[in-house]
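Trainee: Please work out how this folds:
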Amino acid sequence: MQSFNIYRYSLATFTESRSTDYASKPYEGEVLDFYAQPAPRPWEIPVTTPKLFENHEANIKVPFTSSKKPCHVCSERGCIQCADCEGLGKKECTSCIGFGRNAENAPCTSCNQTGQVNCSVCHAKGIKVCGTCNGNKQLLTYINLKVEWKTNIDRFTGENKSGLAVEHLDKVNGKVIFENDQFMLYPLMGFPDVTISQASEYLLKEHQAKYSQNSRILQQYHRIAVVPITRVTYTWKAGTHHFFVFGMENQVKDFDYPETCCCCSIM
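Mentor: Residues are numbered from 1 along each chain as shown. Take a look at the predicted model:
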């Protein structure tokens, strides 16, 4: 048996981004403030930050952008033609397929031999309430501020001499031996595995360049975990084979297990 300790570095950057777009909703008597004073810019609007490193999204009506306009869908009528019955108020009877008589040539009781039934969507009126303005005939238009908080994570696995591919290590947990969170982090220096120090410096620069352009960095954390790996070598019918036990979950991976045709497996 051979034991290996693989270091895994993780960097997380918690960001806040803001964007605006025009929006509308049914007008319900809200105060119209479009001409009251100039609207604030996106980053001038106070917003409560949620718990750090938890993804979240919020939509906020920008102050002093509200106005109203006639509903363009119903032309300020408050109702529209029912699409299900095409405004007729009636639909073909599904029991007799519009013939008025069933398969046994008996009078259809579902439609009284008319071949048609009342439309259940519009209650036989041929029209229904406009879903865009909710029957209010007018729309409240405003600028909507979309705020998105997101945790952006990158990982790097250090020197690995075990022979087990990195993609298998990504599926298991390791023991955290170092963790630090700050508003802005500095690269790790002097770590025994030099590739971890190099990855820390590279990823911190990359996150700074990538996420400070169109968003704000609110907090960062980085951690180092040790993923244990045990490589077990054994012989079977004069052949040498091996399997791996790895991660805190003690997962097992065997690439050349013998006698697989006999439904044998490692327990």
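Trainee: From the rest of the structure, what touches stretch 94-107?
Mentor: The set of residues external to stretch 94-107 that reach it, using CB atoms under 8 Å, 6 or more residues apart in numbering, is 92, 93, 108, 109, 110, 111, 113, 114, 115, 116, 117. The C-beta positions use only the backbone N, C-alpha and C, and glycine is treated the same way.
Trainee: Check the residues you listed and tell me the two furthest apart.
Mentor: Maximum pairwise distance in the contacts of stretch 94-107, criterion CB to CB, is 15.9 Å, between 92 and 109.
Trainee: Neighbour count for the two, which is higher?
Mentor: Using other CB atoms under 10 Å as the criterion, residue 92 and residue 109 rank with residue 92 on top: 14 against 10.
Trainee: Count the neighbours of the residue nearest to that one when sequence neighbours are not counted for me.
Mentor: Among residues not flanking residue 92 along the chain, residue 98 sits closest, at 4.3 Å (CB to CB, 6 or more residues apart in numbering). When neighbours are defined as other CB under 10 Å, residue 98 has 15 of them.
Trainee: In terms of helices and strands, where is residue 98?
Mentor: Assessed by DSSP states H and E, residue 98 sits outside every helix and strand.
Trainee: In the protein, where is pLDDT below threshold?
Mentor: 255-267 (pLDDT under 70).
Trainee: Grab the longest strand from it for me.
Mentor: For the chain, the strand with the greatest residue count under DSSP state E is strand 2-26.
Trainee: all helices of the stretch 151-267 of the chain, in order?
Mentor: 166-169, 194-211 (DSSP state H, counting those that start in this stretch).
Trainee: Quick one: closest of these to residue 10.
Mentor: For the helices of the stretch 151-267 of the chain, proximity to residue 10 was assessed by CB to CB; helix 194-211 is nearest, at 9.2 Å.
Trainee: Strands of the stretch 1-150 of the chain, start to end?
Mentor: Using DSSP state E, counting those that start in this stretch, the strands found in the stretch 1-150 of the chain span residues 2-26, 56-61, 67-70, 79-81, 90-92, 116-118, 127-129, 138-157.
Trainee: Now render the ones you listed as CSV, adding distance to residue 175.
Mentor: What follows is these, written out as CSV (distance: least, CB to CB, whole Å):
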stretch, distance to residue 175
strand 2-26, 9
strand 56-61, 30
strand 67-70, 59
strand 79-81, 62
strand 90-92, 66
strand 116-118, 68
strand 127-129, 60
strand 138-157, 15
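Trainee: re earlier: figure out which of the helices of the stretch 151-267 of the chain is closest to residue 38.
Mentor: helix 194-211 (29.6 Å).
Trainee: Distance-wise, check the residue nearest to residue 92 relative to residue 214.
Mentor: 58 Å (CB to CB, to the nearest Å).
Trainee: same thing with residue 120?
Mentor: 49 Å.
Trainee: Also residue 68?
Mentor: 32 Å.
Trainee: ditto for residue 151
Mentor: Counting by CB to CB, the gap from residue 151 to residue 214 is 16 Å.
Trainee: between these two, who's got more neighbours?
Mentor: With neighbours defined as other CB under 10 Å, residue 151 and residue 214 compare such that residue 151 has more, 14 against 10.
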